[in-house]
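# mind looking at a prediction? Sequence and model below.
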Amino acid sequence: MPDYRLADPAVLAFVAIPVLLVGALAWGTAVAWRRAGANASSATRAAVTTAIAACAWMAVTWLAATSGILREWERNPPPFALLVVAIIVLAVVIAYSPFGGRIAWQIPLWALVAVQAFRLPLELAMHEMYARGIMPVHMSYSGRNFDIVTGATAIVVAALVAAGRAERGLVLVWNILGLGLLLNVMTVAILLTPRVRYFGDEYLNVWVTYPPFVWLPAVMVLAALAGHLLIFRALARAGTTHPR
């Protein structure tokens, strides 16, 4: 693993983006609770509880990376594999729980789409990690990762939805495409792990087992996956020609 500095702007992005996502989630929780009829005190309490839970998850995954447990590939199952399973389970639970219902039904659809724009600066930062020899090329847009398309188009689709110019079908197609691109890079990342080595021993995905890069799967992939599921849930309830 090449040396890196947290003060490096490209590396710092792997801290800044997760922090901003947690802030957006806490804000969205407060807004959703208020729009659902809760008073200011209840909305604030829900937002604070959500932020604490998110920060606890971030702390646990950071400590797991710092301790080196995620790099124990010889264990069965590898701890990193358990992290991947936990991320998928958490995304489904968040999206389809009563909490997720409030977020999906009370937050405007354009805002749910706009959040996915974080994947644009993320992909730019990931490409920098490839350029510096930290990340395998396959996980960048110079390789097999095309997730930057989701981040860039999220801005356009969100603007169209906010202006009332996007039909429900467009959002659905965009969301399916975004989910497909996310699953693609997740698959590539797993194929690059030391337990699979699909692309050879010279291309190994171990960088995400170090802080702060562990927050790529633990926070940003989790946010992207849960976000797509929330949009599906919002669309299922919308049932209108022009979504909110």
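Received it, and whenever you're ready, just let me know what you need.
# which other helices and strands contact the strand or helix carrying residue 55?
Per DSSP states H and E: residue 55 is located in helix 40-67. Packed against helix 40-67 by the contact rule (3 or more Cβ pairs under 8 Å, 6 or more residues apart in numbering; DSSP states H and E) you find helix 9-35, helix 79-96, helix 215. Quick note: C-beta positions are derived from backbone N, CA and C, even for glycine.
# what's the spacing between the residue sitting furthest away from the middle of the chain and residue 45?
The centre of the chain is farthest from one residue, residue 39, which by Cα atoms, centre = their mean lies 29.8 Å away. Per Cβ to Cβ, to the nearest Å, residue 39 is found 10 Å from residue 45.
# thinking again about what came up before, which of the helices and strands packed on helix 40-67 sits most buried?
When the helices and strands packed on helix 40-67 are scored by mean count of other Cβ atoms under 10 Å, the highest mean neighbour count falls to helix 215 (a mean of 23).
# can you list contacts of that helix?
Counting contacts by Cβ atoms under 8 Å, 6 or more residues apart in numbering, the residues outside helix 215 that touch it are 14, 15, 18, 58, 61, 62.
# can you get me a residue count around the fifth one?
The local packing count at residue 61 equals 22, with neighbours defined by other Cβ atoms under 10 Å.
# find the nearest non-adjacent residue to it, please.
residue 218 (3.9 Å; Cβ to Cβ, 6 or more residues apart in numbering).
# okay, now the unreliable bits of the protein?
238-244 (pLDDT under 70).
# in the helix or strand hosting residue 157, what's buried?
Element membership for residue 157 (DSSP H and E) is helix 148-162. Buried positions in helix 148-162, judged by neighbour count with 16 or more other Cβ atoms under 10 Å: 148, 149, 150, 151, 153, 154, 157, 158, 160, 161, 162.
# which one among these gets closest to residue 233?
Lowest distance from residue 233 to these (Cβ to Cβ) belongs to residue 161, with 15.6 Å.
# does that closest one touch residue 112 like I think?
No: the pair residue 161 / residue 112 is not scored as a contact, 9.0 Å apart, by Cβ atoms under 8 Å.
# how about residue 43: what's its closest non-neighbour residue?
residue 33 (3.8 Å).
# residue contacts, that neighbour?
42, 43, 46, 47, 102, 106.
# any idea how far it is from residue 40?
Taken as Cβ to Cβ, the span from residue 33 to residue 40 is 9 Å.
# before we move on, what about residue 74?
Applying Cβ to Cβ, one obtains 52 Å for the distance of residue 74 from residue 40.
# equivalent analysis for residue 219, please.
From residue 219 over to residue 40 (counting by Cβ to Cβ), the distance is 28 Å.
# before we move on, what about residue 183?
Distance of residue 183 to residue 40, computed by Cβ to Cβ: 39 Å.
# how many neighbours does residue 183 have?
That count, for residue 183 with other Cβ under 10 Å as the rule, works out to 12.
# what about it, which SS state?
Three-state assignment for residue 183 (DSSP: H, G, I helix; E, B strand; the rest coil): helix.
# just to revisit the earlier point, list the contacts of the residue farthest from the centre of the chain.
Applying Cβ under 8 Å, 6+ apart, no residues qualify as near residue 39.
# what sits against the nearest residue to residue 18 once chain neighbours are set aside?
Among residues not flanking residue 18 along the chain, residue 219 sits closest, at 4.0 Å (Cβ to Cβ, 6+ apart). Residues in contact with residue 219 (Cβ under 8 Å, 6+ apart) are 18, 21, 22, 57, 58, 61.
# do that again at 10 Å, thanks
14-15, 17-19, 21-22, 54, 57-58, 61-62, 87, 212 (Cβ atoms under 10 Å, 6 or more residues apart in numbering).
# how near is it to residue 232?
21 Å.
# possible to save the contacts of helix 215 as TSV with distance to residue 68?
Converted to TSV, these look like this (distance: Cβ to Cβ, whole Å):
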residue	distance to residue 68
14	18
15	20
18	21
58	18
61	13
62	12
